[in-house]
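S.K.: with the input below, show me the fold.
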Amino acid sequence: MAALIHRGGALLRRTAVAGGLAGLSAALAAACAPGGGGEGAPAGGAQKAPVKVAYWGKWTGSSQEPEEAVIAAFQQKFPHITVEGLDSSQVAGTGDLDREKFMTALAAGSPPETIKIDRFKMGGHGAKRTTTLLDDLIKRDKVDVKKFYPATVEEVQYPPGPGGKITALPWNTDDRALYYNKQHFIEAGLDPNKPPLTWEDAQEVGVKLTKKDGGNLVRAGFVADGSGTNWNIGWQWAAGGQWLKPGADGKVNRKAAFNDEKARGWMQYLKDNMDRVLGGFAAYDAWRQRFGTNEKGPWFNDGISMGVYGSWGIGEFKRFGPNIDYGIAPPPRPKGMEGTPVTWAGGFALAIPAGITGDRLEAAWEFLKYYCYGKDSQLLFGSRTGQMPALLEAAEDRAYKESDPHMPVFVDVMKGARIRDVTPAGDEVWFDNANKERPFSLFALRDRLYEGTRSISDILNEAEQYVNRTLDQAWAQAGA
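M.R.: You can find the predicted model right below:
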């Protein structure tokens, strides 16, 4: 059976391997037939007026088929509702679908009935009140948000903390773990079933796995943070630190919390990895220039042995490196902390824009419940794409775990998942922009470190000032 994955704009294909998933589509269709189970089924076969739901953010390419399968099953259960799934290219305007295009549609009074939004952006949407608060509908229909991964619910609550309102339903999630090439371990005389669990061991193992030709880096034994990896802000959590903290008034996520010994420790660790394992930035930079994306990436061309990467990588290995024998382990932590796994979770949510009312609201809400809160729907999309369900009972389902032998590690480490702290300034705090106007946003700290022109303390001091200034302005504008 062809199965699929979408991640960060990359559209990839994978193959479902678990026999337990073979009947999932049939089971879903049966459950969704008239008289089947599920919230919100039409009562007593009563006829309802036709309603059209525009769904912005449907993934395309190799994720198109499972999305359309879920939509088709939903429409079979609710024949009065027609769902029109639109990807970003089908929506007029410029910028991100879940930000610029969405805001333009709201201003024009023509938003879609539902939209998929990168969850870390929900704080900004909550502050601007651009989506419908779902708490009353959740209470009315007895939707138990405790059935989702706690981290995914925390990310859609605004304001953050106790009393926050639900701005969207979690749709999927992802997390990160240590990938390592078992054949490279064997070649280096290492036990392929004993990956490093601590920072210290990872560095030592990385030295043994690295291959150099003179001053040229041939194979990167361990990339702590860079090409072929996706950990970045995860280092602060792995060190036992936090990114943001409450203000003097006790309100959460008001001030920077990262200018501490923990951050200085992991930044020094990254520098040591660059210098000792990879041979310095110049050697690393020449190495990364040899590789591209997808099938041209370092993992699939004998270019890297070990690094922390996302759960979506399972699908990439199935497509681009099906014969590579690799292992998965929790992200390494400092010695003494390795017994408590920590990961960083991201993912998307489905929201109903502000201003959607009446039958359109009810239809959109049925679609959200069906796709986000329905186990069969979550399993269908997750099993075919490698995406992790946000719904706990789907993610922990035996069939899903057995869809790939590496998946249980990702499911298990989700118990220690951290999220980007929710604020009205998600983009501004975490990311630089296209014009490079936010050089001390948090994802950019690694770049400032690798430039080698500032001390670690100077980088953290600049970042602390930038983040505090940005948060002060954003919270003041939000009035929260």
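S.K.: any weak-confidence spans in the protein?
M.R.: Low-confidence regions of the chain, defined here as pLDDT under 70, cover residues 1-46, 62.
S.K.: give me the domain ranges for it.
M.R.: For the chain, automatic domain parsing gives the domain ranges 11-174+346-418, 176-228+261-344.
S.K.: what's the closest non-adjacent residue to A345?
M.R.: The shortest distance from A345 to any non-neighbouring residue, by CB to CB, 6 or more residues apart in numbering, is to A417 (3.9 Å). No exception for glycine: its C-beta is placed from N, CA and C like everyone else's.
S.K.: so who does that neighbour touch?
M.R.: 149, 151, 173, 175, 343-345 (CB atoms under 8 Å, 6 or more residues apart in numbering).
S.K.: what sits opposite it in the beta ladder?
M.R.: According to DSSP bridges, the partner residues bridging A417 are T343.
S.K.: report the central residue of the protein.
M.R.: To find the centre residue of the chain, average its C-alpha atoms and take the closest one (CA atoms, centre = their mean): that gives G346, at 2.5 Å.
S.K.: against T167, how distant is the residue nearest to that one when sequence neighbours are not counted?
M.R.: Setting aside the residues directly before and after it, G346 is nearest to D174 in space (CB to CB, 6+ apart), at 5.3 Å. Look at D174 and T167: by CB to CB, to the nearest Å, they are 20 Å apart.
S.K.: looking only at neighbour counts, state which of these two leads.
M.R.: Set side by side, D174 and T167 give different neighbour counts by other CB atoms under 10 Å, the larger being at T167 (27 against 24).
S.K.: my read: that one touches P160, true?
M.R.: No. With contact defined as CB atoms under 8 Å, T167 does not reach P160; the gap is 10.9 Å.
S.K.: dump the residue contacts of the nearest residue to N294 once chain neighbours are set aside.
M.R.: Excluding the flanking residues, the one nearest N294 by CB to CB, 6+ apart is F320, at 6.0 Å. Under the criterion of CB under 8 Å, 6+ apart, the contact list for F320 reads 294-295, 297, 299-300.
S.K.: what subset of those is buried?
M.R.: Members of the contacts of F320 that pass the buried threshold by neighbour count (16 or more other CB atoms under 10 Å) are listed as 297, 299-300.
S.K.: so where does G241 fall, helix or strand?
M.R.: Assigning secondary structure by DSSP states H and E places G241 outside every helix and strand.
S.K.: ditto for Y55
M.R.: In this assignment (DSSP H and E), Y55 forms part of strand 51-56.
S.K.: show me the strands in the stretch 1-150 of the chain, by range?
M.R.: For the stretch 1-150 of the chain, the strands identified by DSSP state E, counting those that start in this stretch occupy 2-7, 10-15, 51-56, 81-86, 114-118, in order along the chain.
S.K.: the closest residue to M267 other than its chain neighbours: how many residues sit nearby?
M.R.: Counting by CB to CB, 6+ apart, the nearest residue to M267 once its immediate chain neighbours are dropped is I456, at 4.7 Å. One way to gauge burial is a neighbour count; for I456, by other CB under 10 Å, it gives 18.
S.K.: what does the one 5 residues further on give?
M.R.: As a burial measure, the neighbour count of N461 was computed by other CB under 10 Å and equals 14.
S.K.: quick one, what contacts it?
M.R.: Under the criterion of CB under 8 Å, 6+ apart, the contact partners of N461 comprise N259.
S.K.: D136 versus E187, what's the distance?
M.R.: According to CB to CB, E187 stands 60 Å off from D136.
S.K.: more neighbours: which of the two?
M.R.: A count of neighbours by other CB under 10 Å puts E187 above the other of E187 and D136, at 15 against 11.
S.K.: farthest-separated two in the contacts of A417?
M.R.: Pairwise distances among those were taken by CB to CB; the largest, 12.8 Å, belongs to Y149 and W344.
S.K.: quick one: the helices in the stretch 51-200 of the chain?
M.R.: Chain-ordered helices for the stretch 51-200 of the chain, with DSSP state H, counting those that start in this stretch as the definition, fall at 64-77, 102-107, 122-128, 135-140, 150-154, 182-187, 199-209.
S.K.: pipe those into CSV and attach distance to G95 per row.
M.R.: Rendered in CSV, the data for these read as follows (distance: least, CB to CB, whole Å):
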stretch, distance to G95
helix 64-77, 22
helix 102-107, 8
helix 122-128, 14
helix 135-140, 29
helix 150-154, 25
helix 182-187, 42
helix 199-209, 39
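S.K.: tell me which of those is the most buried.
M.R.: Ranked by mean neighbour count under mean count of other CB atoms under 10 Å, these are led by helix 122-128, which reaches a mean of 24.
S.K.: okay, buried residues for stretch 364-372 please.
M.R.: 364-372.
S.K.: circling back: out of the helices of the stretch 51-200 of the chain, nearest to L278?
M.R.: Distances from L278 to each of the helices of the stretch 51-200 of the chain were compared using CB to CB; the minimum, 8.5 Å, belongs to helix 199-209.
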